[in-house]
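> What follows is a predicted protein model with its sequence.
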Amino acid sequence: MAGTISNLGLTFSGAESNLSAETIEKLKEADKTAMLKPTERNLEKVFSQQEDLKELKKHIGNLENKASHFSDELNYLKRSTRSFGEGGSVKVNDGVDPQSGSIHVNHTAKQSIVESRGFEKLSTVINNTDENMLLKFKADGKTVEVDITPNMTLEDLKYAINDASEGKVIASALNTGGDDPFKLIIKSTQTGEKQKIEIIDDHENAFDLNLSVIQEASDANFVYNGVNITRETNTIDDLYMGVTVQLEKDNADINFEVTRDLEGMTESMQEFVDAYNESMKFIDEITGYDAESGESGSFQGDFRVNNIQSSLNQELFKYVDEQNMTDFGLDLTKEGDLLLDQAQFSAKMNEDPDAMQKFFLGGTEITPSTYTSKVIGVEYVANSTNVNGKQINNFIEQPLSQDLTIPKGSIKINDVELGEVTLLASNSPSQNAQVLMSAINAASDESYVTASLTGSGRQIHLTDESGERFTIKSSDGWAERVGLSSGTYVGKVEEKVGIFANIDSFFERLNDGSNATLSLLDTNLTSSEDRLTDELQRTLDRINAKYETMATQFAAYNSIISGYESSFKSVQMQIEAMANAK
């Protein structure tokens, strides 16, 4: 900012002169008040809006985060497991289908364990000869050879076995008590019959430890949902994907139940409700008007902020499959607060978790493509009749007069050829329907269309579970001759968007990305700040320039006035001199 007028060197010698620096400063301040204050007030409002917008974004971000819990599929895949019985335990991964099961453990899988004769101490020498001896045994189908060198101790042997077995067995020396307490224990690292430890004594220098079996290797045997099953291990993870059973006790039972883990859903919904109310209270503050104080919120009258609550409520209380959030215990008060009946929410959620997931999250609804044939294994004879002067063509059903062989490729389903099919005249329609059904199902891996018999057993029902259209084509009318109809049959694949999936989209439009509502509002406020700041500076520059010019002019006027004063004093002195001379 330019200096004050007095700094420009403007001085006045005349006592009566009004062309003072103080006068110019007063005029300048008056102009500033008149010309700068409106822009400054507008700029202050922009600053206030920017601060409120930052706070609004925090509220909206928190609300979006709470809502995202219900649009995240992972939260619907959580599972909890309860197991009962002493036979073992069951663990499941998230996403496993809810189910229940029972297991009877006949016997668990066991390791092979053998022990040696007793020795006085670990340092007892086991080979007192001058020759190398050999301990040879088989474990897990692998032959293990251990050199017993002269003067080898019991402890040395333990380490030698572990080194030679490459992890197939574990050898240890235990103090079992008695006169010769230390015994060598050799145990297979894995369970199952294949892990049996067998001593091989087929050579002259065989070393004899007097090994005896203290536990036979065995496979696990159990009954799962009525089916007898054998496994090499007690950890069973191949019965059902994502389910791991740990067998622990012989002749015992395990009963288990896998359910959806809905714990925390009610709490998460209450958190969403609380975040909603906090956000809407803040919006009311920045868009409202206080009649008592006469103060307005920084965004009063701004439709972009004013419409947030009504737009969100439209998404929140939409109907999906004839129900909305009020069925889950959510409601709005007259004041606009969101309330949650936790008991109603919990009851509705547990009543049908799949329906809740579909309502909140959405998903794909498939109506299979289907077709039902006419009766199979009869002849359809063309018949023409005259009805009221009109020729009507149709087919009459008659028993097969002879065997009917359908050539290979004469009927195609989704362009996949059916093999040769023979329908026998001696068969009933149900029997012939089974023959044709088998031919269709033989091609189902390629056509994706499966066949089943209807309730009467005389017709075939074709289904494509994916909902995609399928076609029946034939040459020389073979499809029609056996009771099928050429054509295209269409199901339906429909994407259902859940309530919170819609709300996610709402928040994206509102808060995410450069074209989102709040992002554009932020951009507009920044532009307004820049424009008002520039306008303020330009106005100030004009005022400074104006009064710098005025100061220069006043200085010139002062010089002229000083000249006049000097001239007047000179004339006055002459007049006084003349008067005195008389």
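Cool, the structure landed. Residues are numbered from 1 along each chain as shown.

> Next one: the residue lying closest to residue 103 once chain neighbours are set aside from residue 233, what distance?
Distance criterion C-beta to C-beta, 6 or more residues apart in numbering; nearest residue to residue 103, sequence neighbours excluded, is residue 254 at 4.2 Å. All C-beta spots, glycine's among them, are computed from the backbone N, C-alpha and C. From residue 254 across to residue 233, the span is 16 Å (C-beta to C-beta, to the nearest Å).

> who's more crowded, these two?
Shown here are residue 254 and residue 233; by other C-beta atoms under 10 Å, residue 254 has more neighbours (24 against 15).

> That one against residue 102, yeah?
Yes - using C-beta atoms under 8 Å, residue 254 is in contact with residue 102, at 7.2 Å.

> Could you say which helix or strand holds residue 29?
Assigned by DSSP states H and E, residue 29 belongs to helix 21-68.

> so for the following helix or strand past that helix, what's the average pLDDT?
As assigned by DSSP H and E, the chain's next helix or strand after helix 21-68 is strand 79-84. Here strand 79-84 scores 88 as its mean pLDDT.

> what's the answer for stretch 228-243, then?
On average, stretch 228-243 scores 92.

> who touches stretch 417-432?
375-378, 399-412, 435-436, 439-440, 442-443, 453, 456-458, 482 (C-beta atoms under 8 Å, 6 or more residues apart in numbering).

> burial count for residue 221?
So residue 221, with other C-beta under 10 Å, has 17 neighbours.

> correct me, but it touches residue 230?
Yes - in this structure residue 221 lies within contact range of residue 230 using C-beta under 8 Å: 5.2 Å.

> Where does the prediction get shaky in the stretch 301-450 of the chain?
382, 393, 395 (pLDDT under 70).

> Strands of that one, residue ranges please.
Per DSSP state E, counting those that start in this stretch, the stretch 301-450 of the chain carries strands over the ranges 330-332, 338-340, 362-367, 369-372, 378-387, 390-399, 404-406, 411-413, 416-417, 421-423, 450-453.

> Just put these in CSV and tack on distance to residue 131 and mean neighbour count.
Formatted as CSV, the strands of the stretch 301-450 of the chain follow (distance: least, C-beta to C-beta, whole Å; neighbours: other C-beta atoms under 10 Å):
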stretch, distance to residue 131, mean neighbour count
strand 330-332, 89, 17
strand 338-340, 86, 17
strand 362-367, 77, 14
strand 369-372, 82, 17
strand 378-387, 91, 12
strand 390-399, 93, 10
strand 404-406, 83, 17
strand 411-413, 79, 23
strand 416-417, 75, 16
strand 421-423, 79, 19
strand 450-453, 74, 17
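
> I'd like the ones you listed as a markdown table, with distance to residue 526 appended.
Listed next are those as a markdown table, based on distance: least, C-beta to C-beta, whole Å:
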| stretch | distance to residue 526 |
| --- | --- |
| strand 330-332 | 35 |
| strand 338-340 | 33 |
| strand 362-367 | 37 |
| strand 369-372 | 55 |
| strand 378-387 | 78 |
| strand 390-399 | 78 |
| strand 404-406 | 76 |
| strand 411-413 | 63 |
| strand 416-417 | 63 |
| strand 421-423 | 76 |
| strand 450-453 | 62 |
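
> And what about the residue nearest to residue 103, helix, strand or coil?
With DSSP: H, G, I helix; E, B strand; the rest coil as the basis, residue 254 sits in strand.

> what sits against it?
Per C-beta under 8 Å, 6+ apart, neighbours of residue 254: 83-85, 87-90, 102-105, 245, 247.

> One more pass at 7 Å, please.
Residues in contact with residue 254 (C-beta atoms under 7 Å, 6 or more residues apart in numbering) are 83, 85, 87, 88, 90, 103, 105, 245.

> Could you do residue 364 as well?
493, 495.

> Okay, and the beta partners of it?
residue 495 (DSSP bridges).

> quick one: it from residue 319, how far?
20 Å.

> can you check residue 334 too?
22 Å.

> Need the three-state assignment for the nearest residue to residue 305 once chain neighbours are set aside.
The shortest distance from residue 305 to any non-neighbouring residue, by C-beta to C-beta, 6+ apart, is to residue 299 (4.4 Å). State at residue 299, reduced to three classes by three-state DSSP: coil.

> and residue 299, what does it touch?
49, 52, 286, 287, 305.

> Kindly recompute the last result at 8 Å.
Contacts of residue 299 (C-beta under 8 Å, 6+ apart): 49, 52, 286, 287, 305, 306.

> how many neighbours does the nearest residue to the first one once chain neighbours are set aside have?
If the residues on either side of it in the chain are set aside, residue 49 comes closest to residue 298, at 4.6 Å by C-beta to C-beta, 6+ apart. Per other C-beta under 10 Å, the neighbour tally for residue 298 reads 19.
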